[in-house]
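Student: would you be able to build a 3D model of this:
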Amino acid sequence: MTNFLDKQALRRSSYVVGLLAAALTLSACAASPASTPSTSDAGVEVDQATCDRNSAAGPITYISGYGYSASAGQLDVFLAKELGYFDALCLDVEINASGANGQQLVSSGQAQFTALGSASDVMLAAANSHNLTAVATYGSDSPFSIFTNENIKSLKDLEGKKLGYFINMTPIASAMLDAAGVDVSKVELIKMTNYDPTVVTRGQVDAIVGYASNQPEKLKSLGLPFNQFLPSELGIKGTYNVMEANSKFLTENREVSADFMRASLKALQYCLDNDDKCMDMISTLAADNNQGDAFPKDQQARTWAVESNWVRNSTAGMPGVQTTAEWEDEYKLVKQFGNVSELPKLESMMDTKLVADLYSDDALIWPGK
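Tutor: Model prediction:
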């Protein structure tokens, strides 16, 4: 079964077939003209000037880096479309859930928005990509964890053992090993292609750098014994899920971009208030689009049970609000463990005002000013 950690592989790797397929899909979508909405249309909740402005922006394409996962920055976009929130603001939003590299498509202007797993991912991408701006961060908890078989009582015990990772060792995981005093030269690092978490409990590897909301939760559901180590337990701070926008589109269509986020955040709040309904909706969408086996409701519910708390517990404030202070610790970790020669200035990678300005007195302004 496809696993949530696969999100990292899909987001960080460049594979041409998926990219070309997505590009063709986007081209086909763009070729179909849409009728201009009016405030007389059922469900429209903005004045005609706002409706005309948003309609004039044309199709806004969002790339889901990992299908129909119940994750902030993904779930909310799907549900904003299903619940009619984009229509209410006269936004023509198209969603591509093919799993193609969203960063490449957004950077090139073939799409306008995509989500990444953490600020670390944004920073690593910024070293090689341009024309991308982070507009929302959904939590102050790193989604990564290192889960081990029951015989590993501390990360130090990994010396002389096998540690699996996907694509590359994340800066957070490297920082965890460093903080625990692990001599990494004594750890056999193995690049994994199998996303089945039971390879740890069956002894094929001793530990894996995984996603706390998915693989460990799967092991819990199976009743299998294992241990899990979280960054926070070692005093390491991180971030959870980031929405990125095409910088040029953001500059030229700032109010439209704000309304895209407004509708998405309204759906996010709906899901925070209505967990079961949202899990039903996103699982049905996955099934209707031939991804049901990859995203069954029980898995979605386990994922959202963890990740929704990351959203609720964000130290930056209301859902989606981001600050440079929230990113600073991770920025230092990427500099130290990210194997990049140079990083752009932190402030140049993010817009801290777009989402913050959508809230007033701890409530989302809807449908807008």
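Student: residue boundaries of the strands in this protein?
Tutor: In the chain, the segments counted as strands under DSSP state E are 60-63, 93-96, 113-116, 132-139, 144-148, 162-165, 188-191, 207-211, 227-229, 240-246, 359-360, 363-364.
Student: so which of these comes closest to residue 269?
Tutor: Nearest to residue 269, of all those, is strand 363-364, at 6.4 Å by Cβ to Cβ. In short, each C-beta sits where N, CA and C put it, glycine included.
Student: give me the low-pLDDT residue ranges for this structure?
Tutor: With pLDDT under 70 as the threshold, the chain has low-confidence stretches at 1-36, 38-42, 99-100, 369.
Student: for the longest helix anywhere in the chain, name the packing helices and strands.
Tutor: The single longest helix within the chain, with elements called by DSSP state H, is helix 254-273. Packed against helix 254-273 by the contact rule (3 or more Cβ pairs under 8 Å, 6 or more residues apart in numbering; DSSP states H and E) you find helix 48-56, helix 75-82, helix 85-88, strand 132-139, strand 240-246, helix 297-312, strand 363-364.
Student: which residues belonging to it are considered buried?
Tutor: Of the residues in helix 254-273, those buried by neighbour count under the rule 16 or more other Cβ atoms under 10 Å are 256-272.
Student: now the angle from that helix to helix 297-312?
Tutor: Orientation check (axes from the mean of the first three to the mean of the last three Cα atoms, to 10 degrees): helix 254-273 against helix 297-312 gives 120 degrees.
Student: from the chain's centre, how far out does helix 254-273 sit?
Tutor: Helix 254-273 has its C-alpha centroid displaced from the chain centroid by 15 Å (Cα atoms, centre = their mean, to the nearest Å).
Student: tabulate the strands of the chain (a markdown table), appending distance to residue 105 and mean neighbour count.
Tutor: Output for the strands of the chain, formatted as a markdown table (distance: least, Cβ to Cβ, whole Å; neighbours: other Cβ atoms under 10 Å):
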| stretch | distance to residue 105 | mean neighbour count |
| --- | --- | --- |
| strand 60-63 | 5 | 26 |
| strand 93-96 | 8 | 20 |
| strand 113-116 | 7 | 28 |
| strand 132-139 | 11 | 26 |
| strand 144-148 | 25 | 24 |
| strand 162-165 | 26 | 21 |
| strand 188-191 | 26 | 12 |
| strand 207-211 | 23 | 27 |
| strand 227-229 | 34 | 19 |
| strand 240-246 | 9 | 27 |
| strand 359-360 | 29 | 14 |
| strand 363-364 | 28 | 15 |
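Student: nearest to residue 281, out of those strands?
Tutor: Shortest separation from residue 281 across the strands of the chain is recorded for strand 93-96, at 13.7 Å, computed as Cβ to Cβ.
Student: partners of that closest one in the sheet?
Tutor: Applying DSSP bridges, strand 93-96 is found paired with strand 60-63 (parallel).
Student: with that, I have no additional questions.
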